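Undergrad: any chance you can model this:
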Amino acid sequence: MSLREQLLKAGVVSKKDVKKAEQDLKLERRNAQAHKRPASELRAEEQARREAAEEAVRQKKATERAAREAAKAEHERLWQIRQIIDKNAIRSRGKVRYHFRKPDGYVGRVEVSDGVAWKLRCGEAAVALRAAVRDGEEERIVLISAAAARRLAEVAPEAVMHLVVDTSKLGAKEDEFLAPDWEISLLPHRVRGDATPR
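TA: Purely as a prediction, here's the structure:
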């Protein structure tokens, strides 16, 4: 026997009060359930939240992977630049100061031999910048062959600091007055048999 039935039998409450209490309980349950959403809707929201979290993790991993691949590609590019420069380096020390314009607009200078200076002027050699790859290394200027400089320009144009491409002005008409119109000899005129000095 339930508590309601016992209270009714004892006469503590009337049937009308019991009915009213049942209606109140029903109304409370209905109001409580009205705020609840259907279980299918809750499951769908939970599934959407889970999928969004998984997608965020996938996006984060993809971004990290892309950053790692970009860093690896840049590292390989730097090593390729170094390999081109190191394998085609021209070693030259001399007293000729060869000045060139750097890409940043400043003037750079290397001291080379006469032959290498001529090669730099006529486009057979070039000046390249060997970038630092490891910690503690410094960038340095290196002379390389023109073929290596053209190959380097394809990979990293910023590494080629000086390369003469247009050599047409080396034989310009205004420079012809520098070419002598007489025979040049280092022998004295007395030994050659010429009586008149030139």
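Undergrad: for the spatially most central residue of the chain, give me the pLDDT.
TA: Central residue of the chain (C-alpha atoms, centre = their mean): Glu74, 5.9 Å from the mean position. For Glu74, the pLDDT comes out at 88.
Undergrad: ok, now which ones touch it?
TA: The contact partners of Glu74, by C-beta atoms under 8 Å, 6 or more residues apart in numbering, come to none. Every residue, glycine included, has its C-beta placed from N, CA and C.
Undergrad: which secondary structure element is home to it?
TA: Here Glu74, judged by DSSP states H and E, is contained in helix 39-87.
Undergrad: following that helix, which helix or strand comes up?
TA: strand 89-90.
Undergrad: helices and strands around that next one, which ones?
TA: Packing partners of strand 89-90 (3 or more C-beta pairs under 8 Å, 6 or more residues apart in numbering; DSSP states H and E): strand 140-145.
Undergrad: run the angle between the strand it packs on and helix 39-87 for me.
TA: Angle, strand 140-145 to helix 39-87, by axes from the mean of the first three to the mean of the last three C-alpha atoms, to 10 degrees: 70 degrees.
Undergrad: so which bits of strand 140-145 are buried?
TA: Neighbour-count burial for strand 140-145, counted by 16 or more other C-beta atoms under 10 Å, picks out 142-145.
Undergrad: how far away from the center of its chain is that strand?
TA: 23 Å (C-alpha atoms, centre = their mean, to the nearest Å).
Undergrad: give the other helices and strands that that strand contacts.
TA: helix 39-87, strand 89-90, strand 107-112, strand 125-130.
Undergrad: ok so, going back, want to throw the buried residues of strand 140-145 into CSV with pLDDT and distance to Gln80?
TA: Output for these, formatted as CSV (pLDDT from 0 to 100; distance: C-beta to C-beta, whole Å):
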residue, pLDDT, distance to Gln80
Val142, 88, 15
Leu143, 90, 19
Ile144, 91, 14
Ser145, 91, 17
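Undergrad: how near is the residue nearest to the centre of the chain to Ala67?
TA: To Ala67, Glu74 is 11 Å away according to C-beta to C-beta, to the nearest Å.
Undergrad: right, so the helices and strands packed on strand 140-145: which one is the most enclosed?
TA: Highest mean neighbour count of the helices and strands packed on strand 140-145: strand 125-130, a mean of 23 (counted as mean count of other C-beta atoms under 10 Å).
Undergrad: state the mean pLDDT of that strand.
TA: 87.
Undergrad: one more: stretch 98-112?
TA: Mean pLDDT, stretch 98-112: 84.
Undergrad: what about the nearest residue to Phe100 once chain neighbours are set aside, which SS state?
TA: Excluding its sequence neighbours, the residue lying closest to Phe100 (C-beta to C-beta, 6 or more residues apart in numbering) is His162, at 3.8 Å. Following DSSP: H, G, I helix; E, B strand; the rest coil, we place His162 in the strand state.
Undergrad: what's the burial count for His162?
TA: 21 (other C-beta atoms under 10 Å).
Undergrad: look up how far Ala159 lies from the residue nearest to Leu143 when sequence neighbours are not counted.
TA: Nearest residue to Leu143, sequence neighbours excluded (C-beta to C-beta, 6+ apart): Ile90, at 4.2 Å. Distance from Ile90 to Ala159, counting by C-beta to C-beta: 15 Å.
Undergrad: thanks a lot, catch you later.
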